[in-house]
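Novice: Would you be able to build a 3D model of this:
(chains A, B, C and D)
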2 protein chains.
Amino acid sequence: MSADTRQRLLDGTLVAMREHGVAGISARTIAAAGGVNQALIFYHYGSVDELLTAACLVNTKERVDRYTERFAAVGSLRELLRVGRALHEEERRLGNVSILAQLLAAAQTDGKLAHATKAALALWIEQIEAVLQRLLAGAPFAEVADVPGLARAISAAFVGLELYEGVAEEDAQRALAALDQLAVLVEVVDELGPVSRRALRAKIGRASRTTTRVDRRAPRT
Amino acid sequence: MSADTRQRLLDGTLVAMREHGVAGISARTIAAAGGVNQALIFYHYGSVDELLTAACLVNTKERVDRYTERFAAVGSLRELLRVGRALHEEERRLGNVSILAQLLAAAQTDGKLAHATKAALALWIEQIEAVLQRLLAGAPFAEVADVPGLARAISAAFVGLELYEGVAEEDAQRALAALDQLAVLVEVVDELGPVSRRALRAKIGRASRTTTRVDRRAPRT
DNA sequence: GTCTATAGCTGGATAGAC
DNA sequence: GTCTATCCAGCTATAGAC
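Specialist: Model (predicted):
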């Protein structure tokens, strides 16, 4: 059955990625991991690279879908972070190395992978941007915050943390926990009295204008 | 001349990494990039992996050394970020893909690389941690901040941003710029009046104590 | 659609001349 | 220390039987 084989190949790609990483992955390791004949990779996907990009997109899509409800239910920055940590933990518990992080590394020198990984990362960014937009609506910080930029920073930071955890689990956990402090900071600021808020607004506005020479349009992704 | 050959191999590794990435690097591409005979890799370093780890450590050390004075001169969080951006820009201008980010990806499935990349990343963390410790000394935020944790978060986030820039340059620049807003936030908070500071301190302390540990609640399905 | 078999390469690593 | 030559494992991709 064709659909089943394609699924096995996608699954096998994830398993092979976990066991061998980007540097060690190949048509043979993927086929073995998926219990599929090696030649079928080329029949169904044309090349290993195309299978990799497909797996990256499908996998990311699945993971994002699994978390959309939770993103929608997020009511504070710290809750957003909590969802991020839950996601992160689940990934590790399942034994998954982040295929997105792995492919992002490979994409540095491969145009085709670059396109696919950018698209996959965009799926996460989209979610986070929506949450931020909602959370910061009306908050003083939002008046000067570049929400799309922050969403991208958060997403990229997360990728870095996933890679970091691969080599130093406890340190990465600690780093993740420390981010909570920043989230608290934003919330605390947004709950300050009107006087402080006014002062803050002035300062932040001034500071931002002098340092963020970025246009405010949402980038096309 | 042995010393010269070893240097050529280290240089060649960086060039090859830029051109082929982790996934495509090999003894032959390294030797070609360094203008050195391929067999010398094994004579001098024993294996390709050992050359990779050596190159990663040496390269990181060099880069960290190039920036120690600047780190020492940093007087605010936003200046720290500015140094980070300068570093980042220089890297790109030189055409360097971050060898550290690349190897971190490969290290996910390779214990030996994991050790070396952790050590290399630790060199950056050390710098950033020192700066944070100095900057936040006496500030209200410092009373509840986990400085080592934040230093690790910042370093890991930077790795993620370097990878992100490889596939979406403008978006990554924007993300980097957005981080400035968070730095401003910390500084603004630290410049608040005594009344606000007291309130903030109470709130942040309370918030941190309840959330710095990993949340173990089972995810809802 | 799936299999076997294999062509044609490139990979890490070594032996041995110089 | 550096070179050439080479072994052989593993790679992508295809041809052709079923």
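
Novice: can we go C-alpha only for contacts and neighbour counts from here?
Specialist: Noted.

Novice: mind listing the helices for chain A?
Specialist: A:2-24, A:27-34, A:39-45, A:48-73, A:77-93, A:99-107, A:111-136, A:140-144, A:147-167, A:169-190, A:194-211 (DSSP state H).

Novice: give me the low-pLDDT residue ranges for chain A?
Specialist: For chain A, applying pLDDT under 70 flags the ranges A:1, A:192-193, A:196-197, A:199-201, A:203-205, A:207-221.

Novice: returning to what we had before: to B:S155, which of the helices of chain A lies closest?
Specialist: Comparison of the helices of chain A against B:S155 by C-alpha to C-alpha identifies helix A:147-167 as nearest, at 8.3 Å.

Novice: DNA strand C contacts on chain A?
Specialist: Applying C-alpha under 7 Å from any atom of the strand, one finds that chain A approaches DNA strand C through A:M1, A:S2, A:A3, A:D4, A:T5, A:R6, A:V36, A:N37, A:Q38, A:A39, A:L40, A:Y43.

Novice: Next, format those as JSON lines and append neighbour count.
Specialist: Converted to JSON lines, those look like this (neighbours: other C-alpha atoms under 10 Å in any protein chain shown):
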{"residue": "A:M1", "neighbour count": "5"}
{"residue": "A:S2", "neighbour count": "9"}
{"residue": "A:A3", "neighbour count": "9"}
{"residue": "A:D4", "neighbour count": "9"}
{"residue": "A:T5", "neighbour count": "17"}
{"residue": "A:R6", "neighbour count": "18"}
{"residue": "A:V36", "neighbour count": "17"}
{"residue": "A:N37", "neighbour count": "14"}
{"residue": "A:Q38", "neighbour count": "17"}
{"residue": "A:A39", "neighbour count": "12"}
{"residue": "A:L40", "neighbour count": "17"}
{"residue": "A:Y43", "neighbour count": "9"}
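
Novice: possible to save those residues as CSV with distance to B:E165?
Specialist: As requested, these are exported to CSV (distance: C-alpha to C-alpha, whole Å):
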residue, distance to B:E165
A:M1, 40
A:S2, 37
A:A3, 35
A:D4, 36
A:T5, 35
A:R6, 32
A:V36, 36
A:N37, 37
A:Q38, 34
A:A39, 35
A:L40, 34
A:Y43, 33
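
Novice: Return the residues of chain A in contact with DNA strand D.
Specialist: Counting by C-alpha under 7 Å from any atom of the strand, chain A sits next to DNA strand D at A:24-29, A:38-39, A:42-43, A:46-49.

Novice: now do 6 Å
Specialist: Residues of chain A lying close to DNA strand D (C-alpha under 6 Å from any atom of the strand) are A:S26, A:A27, A:R28, A:T29, A:A39, A:F42, A:S47, A:V48.

Novice: separation between the second one and A:L10?
Specialist: Going from A:A27 to A:L10 by C-alpha to C-alpha, to the nearest Å gives 12 Å.

Novice: between the residues of chain A next to DNA strand C, which is closest to B:A153?
Specialist: For these, the nearest to B:A153 is A:R6 (38.0 Å; C-alpha to C-alpha).

Novice: Quick one: residues contacting that closest one.
Specialist: A:H44 (C-alpha atoms under 8 Å, 6 or more residues apart in numbering or on different chains).

Novice: Could you list the residues in contact with stretch A:160-176?
Specialist: A:85, A:88, A:97-98, A:101, B:104-105, B:107-108, B:114-115, B:117-118, B:148-153, B:156-161.

Novice: just the buried members of these?
Specialist: A:85, A:88, A:97-98, A:101, B:104-105, B:107-108, B:114, B:117-118, B:148-153, B:156-161 (16 or more other C-alpha atoms under 10 Å in any protein chain shown).

Novice: Can you give the contact residues for stretch A:40-53?
Specialist: A:R6, A:L9, A:L10, A:T13, A:S26, A:A27, A:A31, A:L113, A:A116, A:T117.

Novice: 6 Å - rerun?
Specialist: With contacts defined as C-alpha atoms under 6 Å, 6 or more residues apart in numbering or on different chains, stretch A:40-53 is touched by A:A116.

Novice: Would you check how far apart the residue lying farthest from the centre of chain A and B:D49 are?
Specialist: No residue in chain A sits farther from the centre than A:V195, which is 37.3 Å out by C-alpha atoms, centre = their mean. Distance from A:V195 to B:D49, counting by C-alpha to C-alpha: 59 Å.

Novice: Who are the contact partners of A:A101?
Specialist: A:V159.

Novice: Roughly how far does it sit from A:A72?
Specialist: Counting by C-alpha to C-alpha, the gap from A:A101 to A:A72 is 24 Å.

Novice: quick one on the thing from earlier: export the helices of chain A to a markdown table and tack on distance to B:P140?
Specialist: Formatted as a markdown table, those follow (distance: least, C-alpha to C-alpha, whole Å):
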| stretch | distance to B:P140 |
| --- | --- |
| helix A:2-24 | 43 |
| helix A:27-34 | 52 |
| helix A:39-45 | 57 |
| helix A:48-73 | 31 |
| helix A:77-93 | 20 |
| helix A:99-107 | 36 |
| helix A:111-136 | 24 |
| helix A:140-144 | 20 |
| helix A:147-167 | 24 |
| helix A:169-190 | 11 |
| helix A:194-211 | 16 |
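
Novice: Nearest to B:R66, out of those?
Specialist: Among these, helix A:147-167 comes nearest to B:R66, with 23.0 Å by C-alpha to C-alpha.

Novice: Compute the inter-axis angle for the closest one and helix A:169-190.
Specialist: Orientation check (axes from the mean of the first three to the mean of the last three C-alpha atoms, to 10 degrees): helix A:147-167 against helix A:169-190 gives 160 degrees.

Novice: Tell me how far helix A:147-167 lies from the chain's centre.
Specialist: 6 Å (C-alpha atoms, centre = their mean, to the nearest Å).

Novice: what do you get for stretch A:116-131?
Specialist: 7 Å.

Novice: So which residues make contact with it?
Specialist: Here stretch A:116-131 makes contact (C-alpha under 6 Å, 6+ apart) with A:T53, A:L57, A:L104, A:P148, A:A151, A:R152.

Novice: again, only this time at 8 Å
Specialist: Outside stretch A:116-131, the residues touching it (C-alpha under 8 Å, 6+ apart) are A:53-54, A:56-57, A:60-61, A:64, A:68, A:71-72, A:74, A:80, A:100, A:103-104, A:107, A:147-148, A:150-152, A:155, A:221, B:167-168.

Novice: again, but for stretch A:9-28
Specialist: The contact list for stretch A:9-28, computed with C-alpha under 8 Å, 6+ apart, reads A:29-36, A:38, A:41, A:48, A:51-52, A:54-55, A:95-97, A:99, A:102-103, A:106, B:22-24, B:105-106, B:108-109.
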